[in-house]
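**Student:** Got a predicted model here, sequence first, then my questions.
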Amino acid sequence: MRELIENDLAVLLTERFGRVAELPTGTITLLFTDIEGSTRLLQELGETYQPLLVEHQRLIRAALAQHGGHEVQTTGDGFFLAFPRAHAAVAFAVATQQAVLRHPWPAGMPLRVRMGMHTGEPALSDGQYVGLDVHRAARISSAGHGGQILLSSATRNLVEADLPEGVTLRDLGMHRLKDLQQWEHLYQVLHADLPAEFPPLQSLDTLPNNLPRKLTSFVGREREIEEVKRLLQTTSLLTLVGIGGAGKTRLALQVAADLLADFMHGAWLVELAPVNDPKQVPEAVAAALGVREYPGLSLRASLMDYLSTREPLLILDNCEHLITAVAEFVETVVTAAPKVRILCTSRESLGIAGERVWRIPSLALPQVAPLPNAADLAQNEAVRLFAERARAVSPTFALSDENLPTVARISVRLDGIPLAIELAAARVKVLSVDQIAERLDDRFRLLAGGSRTALARQQTLRAAMDWSHDLLTDPERALLRRLSVFAGGWTLEAAEAVCVDEAVPREAVLDLLTHLVDKSLVDVDAGTPPRYMMLETVRQYGREKLLAAAEAPHFRSHHRDWFLALAEQAAGHLTGPQQKVWLDDWSGNGTTCRWPWGGRWRRNPTAG
């Protein structure tokens with residue numbers, strides 16, 4: 001009873017007057033605490049937050065009195081404490097965490113307190129500790145997570161042989177703490193009553209991330225990298241969209257690696273390709289971040305609580321098959337955690353407020369008519385990619401005056417698609433570049449045999465196209481294959497005349513065509529009127545599907561009849577006073593447009 005009275009008196013005196021005794025000097029253990037996510041709690045609880053904070057302070061001070069500690073300073077939800085003995089500091093930390101976990105917090109809102117301590121010999125000045133030891137203890141605390149207790153190596157050396165009952169230590173390795181030049185060896189306090197698993201520490205030692213190690217070089221894309229980095233500085237959500245095999249993932253990972261030092265809480269890749277259940281999107285993100293359910297909260301709520309106080313970069317890769325679920329999740333994150341940056345890769349945009357969409361282009365293509373000099377040709381990024389991947393499978397391969405023109409033509413015919421170029425280069429171990437070029441009319445058979453460890457859809461060009469095709473609706477698939485009859489692009493009016501039947505009525509063509517543009521299978525050339533076109537790789541794939549559906553004769557006839565009628569209508573005007581008007585209409589008002597594979601062409605009706 002006497003001990004309880006003395007403890008209560010100590011708590012009362014501490015609350016009224018601050019410290020109950022002079023601060024200790026010499027070798028002491030400094031301990032910092034704060035509530036994780038206190039700003040979010042304040043916003044959510046409003047007026048009920050203040051009673052919660054008072055109760056938290058009461059628990060801290062009660063445990064402090066029991067373990068002979070001293071309250072140096074209190075700021076908001078944080079405490080700066082001092083202990084003459086390291087053993088007492090560890091015992092206090094464990095007892096306080098146990099009390100916090102057991103306490104019935106209002107509104108069922110669990111409280112999570114992080115703690116960090118360091119032992120040294122700080123100087124006293126005007127009743128306050130000063131010096132590097134104070135900063136080190138504070139930085140150790142800020143590196144932890146709610147519910148976690150961290151020790152410096154100095155504290156660990158003092159308590160290792162005299163740990164409180166039930167306490168063990170986990171070695172967390174060397175860490176570089178913000179603003180401190182010397183690295184710190186950190187340890188975590190373990191106890192059966194306390195959580196043991198936490199995300200990686202928030203330190204600068206290895207720049208926290210789970211980015212995969214790059215096994216091949218990243219070729220080209222210098223302008224694209226700089227542009228994506230610039231956009232990420234101005235938006236919370238950036239989505240890279242493009243056709244399968246365009247290199248969206250590689251570009252996102254390169255940007256993340258370049259920006260890693262800008263994100264104190266790391267860059268984290270969330271691979272969504274293996275996820276089939278939309279409900280598992282939050283689980284995939286939590287797994288990448290190492291976030292687990294906290295008592296009293298669902299995994300989703302625990303994840304949102306974790307993100308609300310941090311500034312990481314999240315890379316959500318391959319979102320297209322889970323587009324609705326990803327959009328809903330991302331919208332929640334950008335609202336609840338405004339400091340989080342999200343970089344998505346997808347074949348279509350998420351379509352939510354605040355999203356910036358950046359369409360990834362094909363690699364810069366070489367000029368083939370006329371050919372530039374060999375030195376300039378060899379510096380083209382599509383040619384460089386072919387050469388580097390060819391050397392990976394055939395170390396003797398080298399660009400030469402003889403093979404450079406053919407490599408350039410291969411790159412152009414493959415539309416500058418990185419995956420297609422890499423798969424073509426892999427054939428160098430069994431074919432000459434001339435043989436590869438000759439077989440590109442059957443590219444889906446030729447471009448197979450990618451890395452066995454790659455995702456299935458990245459092992460062959462056909463698999464990459466199949467992935468996109470399988471995500472389409474039946475009417476979208478029908479329009480895609482029928483559009484393959486247009487060899488050089490088309491107008492909306494041409495598509496509405498040529499590609500329709502009961503399955504694709506005329507009034508549905510505009511919406512379906514818009515969907516194909518959104519899903520990176522059709523490109524738009526904004527002119528008057530706009531023209532639409534496919535990369536040759538997409539067109540060949542669509543042509544195969546058209547043949548398989550036994551629709552080729554029917555829609556080729558439609559294509560022929562439409563342009564024959566247009567030619568007959570124009571014939572009487574091409575030599576009279578309306579000649580310029582009709583020629584301008586046929587050629588797109590005298591403008592030129594870029595072929596999908598990089599050449600230049602005049603718009604004309606015979607091309608569709």
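**Tutor:** Yep, that arrived.

**Student:** Going by residue numbers, what spans are strands in the stretch 351-500 of the chain?
**Tutor:** Along the stretch 351-500 of the chain, counting by DSSP state E, counting those that start in this stretch, strands occupy 356-359.

**Student:** now the helices: where do they sit in it?
**Tutor:** Counting by DSSP state H, counting those that start in this stretch, the segments of the stretch 351-500 of the chain that form helices are 374-378, 381-393, 404-413, 418-426, 433-438, 443-446, 461-470, 474-483, 492-498.

**Student:** try the stretch 201-350 of the chain
**Tutor:** Under DSSP H, counting those that start in this stretch, the stretch 201-350 of the chain gives helices at 222-232, 248-259, 281-289, 299-307, 323-336.

**Student:** just so I know, which of the ones you listed lies nearest residue 425?
**Tutor:** helix 248-259 (15.2 Å; CB to CB). Backbone N, C-alpha and C define where each C-beta goes, glycine included.

**Student:** now that closest one against helix 418-426, angle please.
**Tutor:** 100 degrees (axes from the mean of the first three to the mean of the last three CA atoms, to 10 degrees).

**Student:** what is the rounded mean pLDDT of helix 248-259?
**Tutor:** Per-residue pLDDT over helix 248-259 has a mean of 87.

**Student:** just stretch 26-36 next, same as before
**Tutor:** For stretch 26-36, mean pLDDT is 93.

**Student:** Tell me who's in contact with the residue nearest the centre of the chain.
**Tutor:** For the chain, residue 315 is the residue whose C-alpha lies nearest the centre (CA atoms, centre = their mean; 0.8 Å). Contact analysis of residue 315 by CB atoms under 8 Å, 6 or more residues apart in numbering lists 252-253, 256, 267-270, 343-345.

**Student:** buried ones in stretch 470-490?
**Tutor:** Within stretch 470-490, the residues scored as buried using 16 or more other CB atoms under 10 Å are 472, 475-486, 488-490.

**Student:** Where is pLDDT lowest across these?
**Tutor:** Lowest pLDDT among the buried residues of stretch 470-490: residue 488, with 80.

**Student:** pLDDT weak spots in the stretch 251-400 of the chain?
**Tutor:** Within the stretch 251-400 of the chain, not a single segment meets pLDDT under 70.

**Student:** Neighbours of residue 272, how many?
**Tutor:** 22 (other CB atoms under 10 Å).

**Student:** Excluding chain neighbours, give the residue nearest to it in space.
**Tutor:** With CB to CB, 6 or more residues apart in numbering as the criterion, residue 272 has its nearest non-adjacent residue at 5.0 Å, and that residue is residue 318.

**Student:** gap between that neighbour and residue 540?
**Tutor:** 24 Å (CB to CB, to the nearest Å).

**Student:** Give me the more crowded residue out of these two.
**Tutor:** The residue with more neighbours, out of residue 318 and residue 540, is residue 318; 23 against 18, by other CB under 10 Å.

**Student:** pretty sure the more buried one contacts residue 274?
**Tutor:** No. In this structure, residue 318 is not within contact of residue 274 by CB atoms under 8 Å, at 9.0 Å.

**Student:** between the buried residues of stretch 470-490, which is nearest residue 184?
**Tutor:** Comparing those against residue 184 with CB to CB places residue 472 closest, at 53.9 Å.

**Student:** so who does the closest one touch?
**Tutor:** 480, 515-516, 519.

**Student:** 10 Å instead, please
**Tutor:** For residue 472, the contact set (CB atoms under 10 Å, 6 or more residues apart in numbering) comprises 478-480, 512, 515-516, 519, 521.

**Student:** Pull the most distant pair out of these.
**Tutor:** Applying CB to CB across those, the maximum distance is between 478 and 519, 14.5 Å.

**Student:** Next, count neighbours for residue 339.
**Tutor:** With other CB under 10 Å as criterion, residue 339 counts 14.

**Student:** Residue 346 versus residue 322, what's the distance?
**Tutor:** Distance from residue 322 to residue 346, by CB to CB: 9 Å.

**Student:** okay, and the common contacts of the two?
**Tutor:** With CB under 10 Å, 6+ apart, residue 322 and residue 346 have common neighbours 272, 316.

**Student:** In stretch 154-168, which residues are buried?
**Tutor:** 154-156, 158-159, 163-164, 167.

**Student:** Using CSV, write out the CA atom coordinates for that stretch.
**Tutor:** Taking Å, rounded to 0.1, in the frame of the first residue of the first chain, the C-alpha atoms of stretch 154-168 are listed here in CSV:
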residue,chain,number,x,y,z
ALA,A,154,25.8,1.2,-26.1
THR,A,155,22.6,0.4,-24.2
ARG,A,156,22.6,-3.1,-25.3
ASN,A,157,26.2,-3.6,-24.0
LEU,A,158,25.0,-2.5,-20.6
VAL,A,159,21.8,-4.6,-20.3
GLU,A,160,22.8,-7.8,-22.2
ALA,A,161,23.9,-9.6,-19.1
ASP,A,162,21.1,-8.2,-16.9
LEU,A,163,17.9,-8.1,-19.0
PRO,A,164,14.5,-7.8,-17.3
GLU,A,165,12.6,-11.0,-16.9
GLY,A,166,11.2,-12.3,-20.1
VAL,A,167,13.1,-9.9,-22.3
THR,A,168,15.4,-10.8,-25.2
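
**Student:** Nice, that's everything, thank you.
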